[in-house]
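In: dropping a prediction and its sequence here:
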Amino acid sequence: MSGWGSWLSGDTSATDAKPNFRAVTDRSQDSLFGPLEAKDLEWTCAGGFATETQTWYTVMQDGSWATSQIIHSSVGLWYPQVQITFKYFNPKTGEKVWKSINVSKFSKVYDKRSCKGEQFTVLFDTLPDGSESYTIEANMDTDLQVSYTFKRPSKSAGWKLGSGDEGGKSYFGANPATPDGYVVHRFWPHAVSDGHIIYKGQAIDAKGAGMFVHAIQGMRPNLIASRWNFGNFQSKYGSDENVAAIMMEFTTTSDYGGPVGSRTVKDEATGNAVRKREPIVVTIGSVTVDGELVAVTGASRGLQAPESEPSKGSDTRVYHLNTVHDPETGYIVPQAMKFKWQGPQLVEGKASKDLVNAEVSVDLKGLIEKVDILGEIPYMVRKMVNYVAGTKPYLHQYLNPATLKINLPSKELNVEGSLFCEATFISEV
């Protein structure tokens, strides 16, 4: 979900006694919803060290799942690395398809919201009824072709956290005027897919319900976050509810967060106490009911905050439950996850005084894949990051049936659907 490609260690020494991270959630709860502008979905293809992704997810009417992602990675002075990936999983049959190819002759076309390469085209379109769509055509391999469309209905608003040019952005560095980097997410929380996936000569109907996210990590990913969590709940395709609930959460590294000394850790080599910055956990999300965006949520908290202590802003967060040690990766991983949303109800795009609450919990039985991320990124990038100490990124992906509980001011809902979730571990915190 988060996208990978620019990995180099850097000088992140910190001597400032002030916090050096500004979270996107550091705003009032009545200003969380930021409507998307046309330029929010344009490809920036920034230089330096930046990873930009566009990702489409869908759960199809037969319960299978698919995702397509384009990754543009700028790696210093080297020519940008571009990949297109596709993944498919059918929980009933256990069939998995995973393809990743390097893109040649990548370019952004038309109004910069579309792009193409020799292996694919992605065309953005605004339809007469006000809805918007992406049409993806890709030749992933001799036995795999993709031809499908994701449409955001006109009444299903896209969003970023906060409005204007600064909306959606968290900044890293002590000086806001010249930050070390940033991270930004822009969402279509509810979309419908249509078309076909052709695999080994057989057509798979791509009708389904899903979402889209455009993300930019304007700094080396190993410096932005030590952890990522992602949840995407969609009600059953064709059901009357048209419900979606999505959530993105990241934990900064100890290089960015609270003041130096706000956290003390033990040096494994010497046994001495080392003064560090307390990492910050940032959580954003939204809830869609009857195809309409009813709440955008955001919260943050210090990594050391007790579980019983509420987050700053709202009770919006991700819980890792029944954790165990994974001997393969060395990380403490969950066997269950819980996602909670809380935010002001949106009425005609404005925050009201009423709250929307939602919650979904799931046992993580439906493992799609555990991905060694360093094994998937482009060769040139991988070659440069082999020496990055403490960086061992693993991505766990799950798909399970789930029930989302929603409390609206006017009613309560229990909605059946599918929850796709990810837990990504990058480095120790």
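Out: The structure has been received and is ready for your questions. Numbering: from 1, shown residues only.
In: skipping adjacent residues, who's closest to residue 69 in space?
Out: residue 55 (4.3 Å; CB to CB, 6 or more residues apart in numbering). (Each C-beta comes from the backbone N, C-alpha and C, glycine too.)
In: the one you found pairs with what?
Out: Note on residue 55: beta-bridge partners residue 69, residue 213, judged by DSSP bridges.
In: flag the shaky bits of the chain, pLDDT-wise.
Out: Regions of the chain meeting the criterion pLDDT under 70 cover residues 1-15, 77, 375-390.
In: residue 41 reaches residue 214, doesn't it?
Out: Yes - the pair residue 41 / residue 214 is scored as a contact, 5.6 Å apart, by CB atoms under 8 Å.
In: report the set of residues contacting both of those two.
Out: residue 186 (CB atoms under 8 Å, 6 or more residues apart in numbering).
In: which one's more surrounded, those two?
Out: residue 214 (24 against 20; other CB atoms under 10 Å).
In: let me see the contact set for the more buried one.
Out: By CB under 8 Å, 6+ apart, the contact set of residue 214 is 40-41, 52-54, 185-186.
In: out of the residues you listed, what pair is the most spread apart?
Out: Taking CB to CB, the two most distant members of the contacts of residue 214 are 40 and 53; they sit 14.1 Å apart.
In: neighbour count: those two, which is higher?
Out: residue 53 (22 against 19).
In: surely the more buried one touches residue 67?
Out: No - using CB under 8 Å, residue 53 is not in contact with residue 67, being 11.2 Å away.
In: which residues are common contacts for the two?
Out: Contacts common to residue 53 and residue 67, judged by CB under 8 Å, 6+ apart, are absent.
In: separation between residue 421 and residue 245?
Out: 11 Å (CB to CB, to the nearest Å).
In: and those two? Which one has more around it.
Out: With neighbours defined as other CB under 10 Å, residue 421 and residue 245 compare such that residue 245 has more, 29 against 25.
In: count the residues that sit near the closest residue to that one other than its chain neighbours.
Out: Among residues not flanking residue 245 along the chain, residue 233 sits closest, at 4.4 Å (CB to CB, 6+ apart). Neighbour count of residue 233, defined by other CB under 10 Å: 29.
In: with residue 166 instead?
Out: Neighbours around residue 166, by other CB under 10 Å: 15.
In: ditto for residue 362
Out: 22.
In: give the contact list for it.
Out: Contact analysis of residue 362 by CB under 8 Å, 6+ apart lists 336-338, 398, 400, 402, 419, 421.
In: buried subset of those as a PyMOL selection?
Out: PyMOL command restricting those to the buried ones, with burial defined by 16 or more other CB atoms under 10 Å:
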select buried, resi 337+398+400+402+419+421
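In: check the offset of the strand of greatest length in the chain from the chain's centre.
Out: In terms of residue count, the longest strand belonging to the chain (DSSP state E) is strand 181-199. On the basis of CA atoms, centre = their mean, to the nearest Å, strand 181-199 sits 10 Å off its chain's mean C-alpha point.
In: and the helix or strand following that strand, which strands flank it?
Out: Using DSSP states H and E, the next helix or strand after strand 181-199 towards the C-terminus is strand 202-205. Each strand that pairs with strand 202-205, with its direction, by DSSP bridges: strand 181-199 (antiparallel).
In: state the helix or strand in which residue 83 lies.
Out: Going by DSSP H and E, residue 83 is in strand 78-89.
In: tell me what that strand is packed against?
Out: Using 3 or more CB pairs under 8 Å, 6 or more residues apart in numbering; DSSP states H and E, the elements in contact with strand 78-89 are strand 65-75, strand 96-102, strand 132-141, strand 367-372, helix 379-385.
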